[in-house]
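S.K.: Here is a sequence together with a model predicted from it:
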Amino acid sequence: MGLKCLLPALLLLLAIDQGAGQRLDPAAVRAAAKYSSTHHGTSFLAIQNGKTLLEEYPAGGNAETPRKIYSGTKAFWNLAALAAAQDGLLNLDERVADTIPAWRNDPRKSRVTIRQLLDFSCGLAPAFFLHDRDPGDRDAIAIRLPMVAEPGTAFIYGPSALQVFHHLLKSKLHGQAPKSFLERRVLRRLHLGPQRYLEDRAGNPLLAAGWNLTARQWAKLGQLVLARGAPVVSSSSLAQCWRGSPANPAFSLGWWNNRAAPSGHEFDFESMLISKWPRQNWKGACLCRDAPNDLVACIGSGYQRLYVIPSMHLVVVRHGSGGSFSDARFLRLLLGHER
């Protein structure tokens, strides 16, 4: 990895080292929680320096009520990918075709790397129908999909690339189920159990979505970020989540970043993702210009959010039931920049 790719990760680690940083104003936390609840929020949890600042369940649930996190699921499978790389099972920059023979004779598929699968920059058709409960063999379907862009040139968000990765990981594990590896290598270390995998008729879980987690459970992933990957992966492994890709500098390995702040372009990321991939524009994208640029987030449909700000030792979880919601407005309220 070159210095240019390492720089964002090094800046993130430096931010963590700078200490507790700004302490949130309790009034600002309450204002953010109120904004969330009035915009169909169902869970709100803010933890700073290991201390719970506020925890609310305005929709009638409680701390034990799991909620759908949709695409928040992706970050856990990407963590499994990092763990597999750290264990020597694979290299993120190796060619997928080295493991999947069906891709070896295709002029574009033969050049795709594992990292490009995980960054959604591989060029494969997105195939959103793979989200269906019974689409058939998801992995086999994904492997046969056509390429619609040159590898590394376009950000194409969808379930297909992760299903190809699932098949690859299954091959690397020589018979061990990827979900068993995920549970042993990642979830147990986070004190989480087996999840809702939405398996197809061939037993392949859906990697792009499907999990239900309580706010406290999802916050464990945020605490892992503050702990630089411990107890699952090393800090250098986790740092690869913040590097972005040439196709979309704001996304990598299941995480969105705020690196373009304070001069970046704010917009609704979920609305952008609804557009067909050729019409999406991620240049200079940021979640909030007024939030620290070391902010990272997991984003799930219907405005499910896990925010982490390492420089503030802050983890915030927000579940929602759809409706309207603005990351930028929420974060400004939370950080005391708006009343």
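M.R.: That came in fine, so what should we check first? Here the structure is a predicted model, which is why all the values come from computation and not from measurement. Numbers count the residues shown, from 1 in each chain.
S.K.: neighbours around N62, how many?
M.R.: Per other Cβ atoms under 10 Å, the neighbour tally for N62 reads 9. Where you see a C-beta, it was placed from the backbone N, CA and C, and this is true even at glycine.
S.K.: Look up the pLDDT of it for me, please.
M.R.: Looking at N62, its pLDDT reads 95.
S.K.: On the three-state scheme, it is what?
M.R.: Look at N62: counting by DSSP: H, G, I helix; E, B strand; the rest coil, its state is coil.
S.K.: Can you report phi and psi for it?
M.R.: For N62, the backbone dihedrals (degrees, to the nearest 10) come out as phi -150, psi -180.
S.K.: Leaving out chain neighbours, which residue sits closest to E150?
M.R.: With sequence-adjacent residues excluded and distances taken as Cβ to Cβ, 6 or more residues apart in numbering, E150 is closest to G123, at 5.7 Å.
S.K.: pretty sure the one you found is in contact with L145, am I right?
M.R.: No: contact between G123 and L145 fails when scored by Cβ atoms under 8 Å: they sit 10.3 Å apart.
S.K.: For the two, indicate the residue with more neighbours.
M.R.: G123 (22 against 18).
S.K.: what residues are up against the more buried one?
M.R.: Contact analysis of G123 by Cβ atoms under 8 Å, 6 or more residues apart in numbering lists R108, V112, Q116, M147, V148, A149, E150, P151, G152, T153, A154, I156.
S.K.: So for it, what's the pLDDT?
M.R.: In this prediction G123 is given a pLDDT of 98.
S.K.: ok, now T153?
M.R.: 98.
S.K.: swap in L335?
M.R.: pLDDT recorded at L335 is 98.
S.K.: chain center to the helix or strand hosting S43, what's the gap?
M.R.: Per DSSP states H and E, S43 falls inside strand 41-48. Relative to its chain's centre, strand 41-48 lies at 18 Å (Cα atoms, centre = their mean, to the nearest Å).
S.K.: Which strands or helices does that strand pack on?
M.R.: Counting contacts by 3 or more Cβ pairs under 8 Å, 6 or more residues apart in numbering; DSSP states H and E, strand 41-48 packs against helix 26-38, strand 51-56, helix 215-226, strand 314-320.
S.K.: ok, 10 Å please
M.R.: With contacts taken as 3 or more Cβ pairs under 10 Å, 6 or more residues apart in numbering; DSSP states H and E, strand 41-48 sits against helix 26-38, strand 51-56, strand 67-68, helix 215-226, strand 304-309, strand 314-320, helix 327-334.
S.K.: partners of the residue lying closest to L53 once chain neighbours are set aside in the sheet?
M.R.: Nearest non-adjacent residue to L53, counting by Cβ to Cβ, 6+ apart: A46, 4.4 Å away. Under DSSP bridges, the beta-bridge partners of A46 are L54, V316.
S.K.: And for E266?
M.R.: According to DSSP bridges, beta-bridge pairing links E266 with C286.
S.K.: Next up, the contacts around it.
M.R.: Applying Cβ atoms under 10 Å, 6 or more residues apart in numbering, we find E266 in contact with 258, 260, 284-291, 326-329, 331.
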